[in-house]
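**Q** What follows is a predicted protein model with its sequence.
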Amino acid sequence: MTIRFGGISSGLDTASMVQQLMQLESRPLIQIQNKKTMAGLKQELLSEVSSSLSAFQGKVSNLVKASTWNQLKATSSNEDVVTITKDEDSVMGSYQLEVTKLATVTSVLGSELVAGVSTAASTTSTAAVGSSRIVQDTFAAFEGSIKDGTITINDVTFTIDVDNTKIDEFMNQVNSSSAGVTISYDDTSDKFTIQTKDIGSDEKISISDKTDFFNAINIDPSITYQGSGTVDTSAKLVDTSITGLSAPGGTFYFKINDYSFSFDESIHSLNSVIDTVNSSGAGVSMIYDSELDKVIISNKEKGDNYINFEDIQGNLLESMGVYVPGDEPATQAKQTLGDEASFKLNGVAMTRDSNEFEINGVTFNLKSVGNSTVNVENNTDATYNSIKEFVDQYNSTISLLNARLSEEKVNNATTEISLRKGLLRADSTIMGIRSKLREINTSNVNGLTNIYDSLMEIGITTSSDDFGKSGLLEIDETKLKDALENNFEGVKKLFFEDLDDDDNVDDGEIGLAATLYNELEGYVSSSTTSYSGRTYKVGILPMRIDSMEQLISEYDDQIEDFEDRLVQIEERYWRQFNAMEQALSRIQNQGNWLSSQLATLPTISNG
């Protein structure tokens, strides 16, 4: 590295002089950097155009696919009778349906699990509370024996203000609350009664009284009052009151539809039994109705199939009343046998084990007896939307091309946005693409024999807003939908007829979408080909984008080389200035020596 002497002998601002010289030397570098920047911006614009054309090709490709044209919709004229769903294998058709009977399941209603009459949880004042204390009075009527506080019944809390809360108001609050109880007063007996609204052994009354009201009306709030007569489904089986229940060894073994179950009476509850049975492969559904105090078991599958029961150890099924040991006909006699669904489809009588069945890829779900017309037809709304998306993307692409081709260059631009403007103005490639796309979409399609051979005939025309100058398309919605409704195949063939059903545009296949797809492929294809040992993109725009990338790379090489050269030039300048400083220093040293020598010479006198 060169040692730099900054004007030691000359007194010059050497660094400033070198900097100014280097600015002059760097001008070619700045020009190369500017060229690189412009090439990068142009590459971005070409990529933008290529992306828009690719998006348009995607919408064109949708009109080549069978799935776009084979979209069907299934409708029922009376969904109270039948609802319809379809799958990808559905075929078009019309069905006149007459439902005469719905399929039902086989079920068995067990006997009451607890013998005797079910009762509510209830308690009554053990003695009269005093005739002067009537319910229309406030709590203060109990002559100071009750204090302000709260009363909680079955986890619902009520606040008592002795001087302001009336007894009948409190009773109304309780009766209308979620506590599940009613409280009443009998003025004949002068007693209060509180009881649950429902009956059964799982009903209870739990009271927490901080006012002493219940003690005042002779009801002990420390006792939890329990109902009777129904099963507590959360209790262990051994603790339930199911009549006659017995499990030798403490374990119940039984089968339902040949599916085996095992339950420990000291571990499992009736809820456990119900959950396990319902989630098993037995194919049945079990519920417990607390109002009836009975178990109901039903087949999940509809139709006339009996449910098979067998107690192997213990008598749980027998105690439920769904099974008679050793007597299958008697067990079956307890069951209500399910029915098949009966209906006529286009006049043909049919039956099914279920109310849900499939015909020609269409699923019928019977709801009630009655008549309905079921139609499976082309979903013209979905197809219309695909065509509209095609037109919308075409307009977006053409608008972009119009903008890039017409925007003017900005003089003395300083920002990237302004530098981009005009880079594709009148670009011959872009002009050619725009011209070809407009030509294809406004011309007749050759080779078609159906009624439609142009977009204009189905209601898609050049926009009249600017007398067609922009080349944008507009849709006459009514005309296009009429064409889809009245000649769906004609519209389909206008865009594409896939002769080999492979969802691809092959040689010999025609249609507007086929023509556009092939044309766009020539613009945006990223496939490659080789020529003279080099690989090139097939698509015109990817090829140009790659060439811009190559140009940018060349600029990078030039910049790197020039920057290396500038380093060398700067080093040379500093060497030259250093040499000058050293020469000046030697001259100054010699001058100083000569002056010192002259000073030692004797002085010559004039005398």
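**A** That came in fine, so what should we check first? Numbering: from 1, shown residues only.
**Q** contacts, neighbours, all on C-alpha from now
**A** Fine.
**Q** ok, longest helix in the chain?
**A** In the chain, assigned by DSSP state H, the helix with the most residues is helix 540-598.
**Q** Run the chain-centre distance for it.
**A** 63 Å (C-alpha atoms, centre = their mean, to the nearest Å).
**Q** tell me what that helix is packed against?
**A** helix 14-25, helix 27-62, helix 512-524, strand 534-537 (3 or more C-alpha pairs under 8 Å, 6 or more residues apart in numbering; DSSP states H and E).
**Q** would you list the ones you listed in TSV and tack on distance to residue 174 and mean pLDDT?
**A** Shown next, in TSV, are the helices and strands packed on helix 540-598 (distance: least, C-alpha to C-alpha, whole Å; pLDDT from 0 to 100):
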stretch	distance to residue 174	mean pLDDT
helix 14-25	95	84
helix 27-62	67	91
helix 512-524	75	92
strand 534-537	84	80
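**Q** Pick the most deeply packed of these.
**A** helix 512-524 (a mean of 21; mean count of other C-alpha atoms under 10 Å).
**Q** What is the subsequent helix or strand relative to that helix?
**A** strand 528-531 (DSSP states H and E).
**Q** just checking, what packs against that next one?
**A** Against strand 528-531 (3+ C-alpha pairs under 8 Å, 6+ apart) you get strand 534-537.
**Q** Leaving out sequence neighbours, find the closest residue to residue 313.
**A** Counting by C-alpha to C-alpha, 6 or more residues apart in numbering, residue 253 is the residue found nearest to residue 313 once chain neighbours are left out, at 4.8 Å.
**Q** how deep is residue 214 tucked in, by neighbour count?
**A** 19 (other C-alpha atoms under 10 Å).
**Q** Look at it and report its pLDDT.
**A** pLDDT, residue 214: 92.
**Q** Residue 603 now?
**A** On the pLDDT scale, residue 603 is placed at 67.
**Q** and residue 228, what are its bridge partners?
**A** Taking DSSP bridges as the rule, residue 228 bridges to residue 119.
**Q** about what we covered before: per-residue confidence averaged over the strand or helix carrying the residue nearest to residue 313?
**A** Element membership for residue 253 (DSSP H and E) is strand 251-256. The pLDDT scores in strand 251-256 average 95.
**Q** Sheet partners, orientation included, of it?
**A** strand 259-264 (antiparallel), strand 309-313 (antiparallel).
**Q** before we move on, back to that, let me have the helices and strands packed on helix 540-598 in CSV, extended by distance to residue 589.
**A** As requested, the helices and strands packed on helix 540-598 are exported to CSV (distance: least, C-alpha to C-alpha, whole Å):
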stretch, distance to residue 589
helix 14-25, 21
helix 27-62, 40
helix 512-524, 76
strand 534-537, 67
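**Q** Can you check which of these gets nearest to residue 594?
**A** helix 14-25 (28.6 Å; C-alpha to C-alpha).
**Q** Tell me which residues touch the residue nearest to residue 86 when sequence neighbours are not counted, please.
**A** In this structure, residue 86 finds its nearest non-sequential neighbour in residue 362, 4.6 Å apart by C-alpha to C-alpha, 6+ apart. By C-alpha atoms under 8 Å, 6 or more residues apart in numbering, the residues touching residue 362 are 74, 84-87, 90-91.
**Q** Could you work out the most separated pair of those?
**A** Maximum pairwise distance in the contacts of residue 362, criterion C-alpha to C-alpha, is 13.3 Å, between 84 and 91.
**Q** Setting the sequence-adjacent residues aside, check what's closest to residue 73.
**A** Going by C-alpha to C-alpha, 6+ apart, residue 73 has residue 379 as its nearest residue, at 5.1 Å.
**Q** residues contacting the one you found?
**A** 71-73.
**Q** swap the cut-off to 10 Å and go again
**A** Contact analysis of residue 379 by C-alpha atoms under 10 Å, 6 or more residues apart in numbering lists 68-74, 484-485.
**Q** Distance-wise, check it relative to residue 301.
**A** 34 Å (C-alpha to C-alpha, to the nearest Å).
**Q** Same question for residue 114.
**A** 30 Å.
**Q** again, but for residue 397
**A** Residue 397 is 56 Å from residue 301, by C-alpha to C-alpha.
**Q** the more surrounded of those two?
**A** Using other C-alpha under 10 Å as the criterion, residue 397 and residue 301 rank with residue 397 on top: 24 against 18.
**Q** contacting residues around the residue nearest to the more buried one when sequence neighbours are not counted?
**A** Excluding the flanking residues, the one nearest residue 397 by C-alpha to C-alpha, 6+ apart is residue 52, at 5.6 Å. Shown in contact with residue 52 (C-alpha under 10 Å, 6+ apart): 46, 58, 393-394, 396-398, 400-401, 524.
**Q** Assign a three-state SS to residue 130, would you?
**A** coil (DSSP: H, G, I helix; E, B strand; the rest coil).
**Q** what pairs with residue 256 across the strands?
**A** residue 259, residue 309.
**Q** Could you report the neighbour count for it?
**A** Residue 256 has 18 nearby residues by other C-alpha under 10 Å.
**Q** gap between it and residue 104?
**A** For residue 256 relative to residue 104 (C-alpha to C-alpha), the value is 19 Å.
**Q** returning to what we had before: strands - which of the contacts of residue 379 land there?
**A** 72-74 (DSSP state E).
**Q** Can you add distance to residue 64, pLDDT and neighbour count and give those back as CSV?
**A** Converted to CSV, those look like this (distance: C-alpha to C-alpha, whole Å; pLDDT from 0 to 100; neighbours: other C-alpha atoms under 10 Å):
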residue, distance to residue 64, pLDDT, neighbour count
72, 17, 85, 22
73, 20, 87, 19
74, 24, 89, 22
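**Q** which one of these sits closest to residue 349?
**A** residue 74 (22.0 Å).
**Q** Not including adjacent chain positions, what is the nearest residue to the closest one?
**A** residue 376 is the one closest to residue 74 (C-alpha to C-alpha, 6+ apart), at 4.4 Å.
**Q** Helix or strand for the one you found, just tell me which one.
**A** Per DSSP H and E: strand 370-378 holds residue 376.
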